[in-house]
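# with the sequence up front, the predicted model follows.
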Amino acid sequence: MPTPEERAGEAYAEAAAEAVQTSVMAFRLVMAIADAVRRQQQKRAGKEDELPDAEKAAAEASEEVKKFLPEDISTALLEGADWPQLAQQLMALKAAGVDLEAMLPRVGEITVTVRDQVAANAEKVKRAGTEEWAKALRETLPAGPVREAILSSPAWPEMARTMATLNERGVDVRAILASAYEEGVGVDQAVGKVLAAAEVPTTSRDATLSYGPLTVGLDIPKDLDLGDRERALRQLAIESENPKFVRMVREAMPGAEREADLLVSARHWPLVAARMADMESKGQPVAEHLAQLSKDPSWQEGPQSQMGRRLVQAAVDALRKPVGAPAGPGPRVSTAAARSTSPSVGPTKAAKGAAPTTPGVAAHREAGPAPKSGKTR
């Protein structure tokens, strides 16, 4: 039984072959029109010529076709059962005074356009078939490793086709997805335990230094590697959703395309995207939060060399600040204090001289000073 990858390869090959065959049909149509015009002209003049010998015409025309048409289209033409007739039409046109060296490149452009249009349409149909179910998947399953594993799997197109078939037969696909999610979580946890037992990752420098405002409330892997963008996105289970979050940032910063690019290319961007994914899974209006980046452009102030860092902080503040809150600094956390109480960072790894205000209390949970009671002197 063929694997999903083999079936996907077969589907691609079929789509490509269909595109080429359609371009051959276009070539035949153009040749039929040209031949009809030739016959009409010669008929009016009373000098209609007989078609040249098929075998000789095929040999001569094949060189012309190979010279001016793309290889895939010329090969399909020469292997077609009607090639001898097409060759006769070409050679008859040449004998009638048509410059094939001028005509065939133009016809070649027509066939290439048709081929590419058919291929693009096949790709569009393929995307449409998966996008519907990708949307259903995001609406049914929370963001995380299970959903990411499905969308980034080579077998995803096959899964989407299966969902479509089940839906056509009256099956509640969303109910299946919800049940499958529970199984997926179980598999993820079971495999994770085995891998953890085999190799317990040490806390990476990125995980240590990022603990604080960037990561409060997020599940950050201990071996986070922000130096490898693709790996970081995989570790945070947002690889397939990252393009959408990049687009959301650019839409939220109209007229500031350069600054938006600085934000999404910043080293800590994966953590910003992870927070967006977390908010989205909780039904929070991510786009409305991001819109605060344009309403409060205080991130523009400061050295240009630190713009990326300020944009990351501003994005985190915008995402954590309630929508509609007055412009100004958002909620901030003492990174050193938070780090010193992090369960993933031992006391020996905490920054020297950076103890939390209240021992044993995470910085982002510290309360302000208690109100004084009684009369003051």
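Sure thing, it's come through.

# now stretch 179-193: buried residues?
Neighbour counts over stretch 179-193 (16 or more other Cβ atoms under 10 Å) mark 181, 184 as buried. Placement of C-beta: from N, CA and C, glycine included.

# same deal with stretch 104-118?
Neighbour-count burial for stretch 104-118 flags 104, 107-108, 111-112, 114-115, 118 (criterion: 16+ other Cβ under 10 Å).

# check stretch 286-295 too.
Going by neighbour count (16+ other Cβ under 10 Å), the buried part of stretch 286-295 is 286, 289-293.

# now that stretch - C-alpha only, CSV.
Extracted in CSV, the C-alpha atoms of stretch 286-295 (Å, rounded to 0.1, in the frame of the first residue of the first chain):
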residue,chain,number,x,y,z
VAL,A,286,-4.7,39.2,19.3
ALA,A,287,-5.1,41.6,16.4
GLU,A,288,-6.7,44.2,18.7
HIS,A,289,-3.8,44.0,21.1
LEU,A,290,-1.3,44.3,18.4
ALA,A,291,-3.0,47.5,17.1
GLN,A,292,-1.7,49.2,20.2
LEU,A,293,1.7,49.2,18.6
SER,A,294,0.5,51.9,16.3
LYS,A,295,-1.5,53.8,18.9
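
# what does that stretch contact?
If you take Cβ atoms under 8 Å, 6 or more residues apart in numbering as the criterion, stretch 286-295 is touched by 248-249, 251-254, 256, 276, 279-280, 299, 311, 314-315, 318-319, 321, 323, 325, 327.

# what's the answer for stretch 260-276, then?
Residues outside stretch 260-276 that contact it (Cβ under 8 Å, 6+ apart) are 210, 214-215, 217-218, 220, 226-227, 229, 232-233, 236, 238, 241-242, 245-246, 248-250, 252-253, 286, 290, 307-309, 311-312, 315-316, 319-320.

# how about a cut-off of 7 Å?
Here stretch 260-276 makes contact (Cβ atoms under 7 Å, 6 or more residues apart in numbering) with 210, 214-215, 218, 226, 229, 232-233, 236, 238, 242, 245-246, 249-250, 253, 286, 307-308, 311-312, 315-316, 319.

# one step back: just the buried members of the contacts of stretch 286-295?
Judged by 16+ other Cβ under 10 Å, buried ones among the contacts of stretch 286-295: 248-249, 252-253, 256, 276, 279-280, 299, 311, 314-315, 318-319, 321.

# among those, which are located in strands?
Among these, no member is found in strands (DSSP state E).

# quick one: low-confidence parts of the stretch 251-377 of the chain?
For the stretch 251-377 of the chain, the stretches with pLDDT under 70 are 325-377.

# where do the strands sit along it?
Secondary structure of the stretch 251-377 of the chain (DSSP state E, counting those that start in this stretch): no strands located.

# out of the buried ones among the contacts of stretch 286-295, who's nearest Pro157?
Nearest to Pro157 among those: Glu280, at 23.8 Å, using Cβ to Cβ.

# and the closest one, how far is that from Glu251?
Distance from Glu280 to Glu251, counting by Cβ to Cβ, to the nearest Å: 15 Å.

# coming back round to it: ok, the buried ones among the contacts of stretch 286-295 vs Leu90, which is closest?
Nearest to Leu90 among the buried ones among the contacts of stretch 286-295 is Met248, at 54.5 Å by Cβ to Cβ.

# the closest one: what's it in contact with?
Counting by Cβ under 7 Å, 6+ apart, Met248 has contacts 286-287, 290.

# quick one: which of those is nearest to Gly46?
Closest approach between the contacts of Met248 and Gly46, by Cβ to Cβ: Ala287, at 74.2 Å.

# give me the distance between the closest one and Met253.
12 Å.

# hang on, the earlier thing: next step: the contacts of stretch 286-295 restricted to helices.
Residues of the contacts of stretch 286-295 located in helices (DSSP state H): 248-249, 251-252, 276, 279-280, 311, 314-315, 318-319.

# which one of the buried residues of stretch 104-118 is nearest Val20?
Closest approach between those and Val20, by Cβ to Cβ: Arg115, at 5.9 Å.

# ok, that closest one touching Ser23?
Yes. If you go by Cβ atoms under 7 Å, Arg115 and Ser23 touch, sitting 3.8 Å apart.

# which residues do these two both contact?
Joint contacts of Arg115 and Ser23 (Cβ under 7 Å, 6+ apart) are Ile73.

# what about Gln306, neighbour count?
Using other Cβ atoms under 10 Å, Gln306 is surrounded by 11 other residues.

# which of the buried residues of stretch 104-118 fall within helices?
The helices, defined by DSSP H, take in 104, 107-108, 111-112, 114-115, 118 from the buried residues of stretch 104-118.

# and which of these is nearest Gln41?
Nearest to Gln41 out of these is Val107 (Cβ to Cβ; 18.9 Å).

# ok, and the closest non-adjacent residue to that closest one?
Spatial nearest neighbour of Val107, excluding adjacent residues (Cβ to Cβ, 6 or more residues apart in numbering): Val30 at 5.3 Å.
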